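# Return a 3D structure for these sequence lines:
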Amino acid sequence: MAALTATFTAGQSLPPHRVRAHNGSEASENKIHDDAVARQYGFAGGLVPGVTDYAYMTRPLIEALGLEWLEHGRLSARFLKPIYEGDDVTVETKVTSISASGVAFDVTAFNSAGEPCAGLAGVYRVDQPDDLEWIAGFLD
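Presented below is the predicted three-dimensional model:
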């Protein structure tokens, strides 16, 4: 795994991921995903679920790290603006720091207008401690 972290450099950008957003939850019990209900609350339409946004943002990490990411990765998510059905989403990922113990990433999803809508702070750890206190140093 140490060799894997050596393939990254601080400041490096991973290839962007582009996807047309899809709201697969329009009929769910959570009506904020329904166009008519979301519009009643001032949104442009039904919100694409956060779990879907999250999946879009993890794609570059999975492509760069493969299954290792699933075993050694940790993420903290923030959702800033809704992503709507049909938005052309661009996910940009940057390596923010590298240490002997891992690699930190900053991931941002932009909507069709180029506005940041969601982000992830991610850490890939070479060794996986039992507690999560180690993540604080990467996410500050």
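# Next one: residue 104 from residue 76, what distance?
11 Å (CB to CB, to the nearest Å). C-beta: built from backbone N, CA, C; applies to glycine.
# Neighbour count: those two, which is higher?
Ranked by neighbour count (other CB atoms under 10 Å), residue 104 and residue 76 place residue 104 first, with 22 against 12.
# what's across from the more buried one in the sheet?
residue 97, residue 123 (DSSP bridges).
# my guess is it meets residue 121, correct?
Yes. The criterion here is CB atoms under 8 Å, and residue 104 meets it with residue 121 at 7.3 Å.
# For the helix of greatest length in the chain, name the packing helices and strands.
Using DSSP state H to define each element, the chain has its longest helix at helix 50-65. The helices and strands touching helix 50-65, judged by 3 or more CB pairs under 8 Å, 6 or more residues apart in numbering; DSSP states H and E, are strand 13-20, helix 67-72, strand 73-79, strand 88-99, strand 102-110, strand 116-125.
# How about it, which residues are buried there?
Buried positions in helix 50-65, judged by neighbour count with 16 or more other CB atoms under 10 Å: 52-54, 56-61, 64-65.
# Turn the residues you listed into a markdown table, including distance to residue 42 and pLDDT.
Below are the buried residues of helix 50-65 laid out as a markdown table (distance: CB to CB, whole Å; pLDDT from 0 to 100):
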| residue | distance to residue 42 | pLDDT |
| --- | --- | --- |
| 52 | 21 | 95 |
| 53 | 19 | 95 |
| 54 | 23 | 94 |
| 56 | 24 | 96 |
| 57 | 25 | 95 |
| 58 | 29 | 94 |
| 59 | 30 | 95 |
| 60 | 32 | 95 |
| 61 | 33 | 93 |
| 64 | 37 | 91 |
| 65 | 39 | 89 |
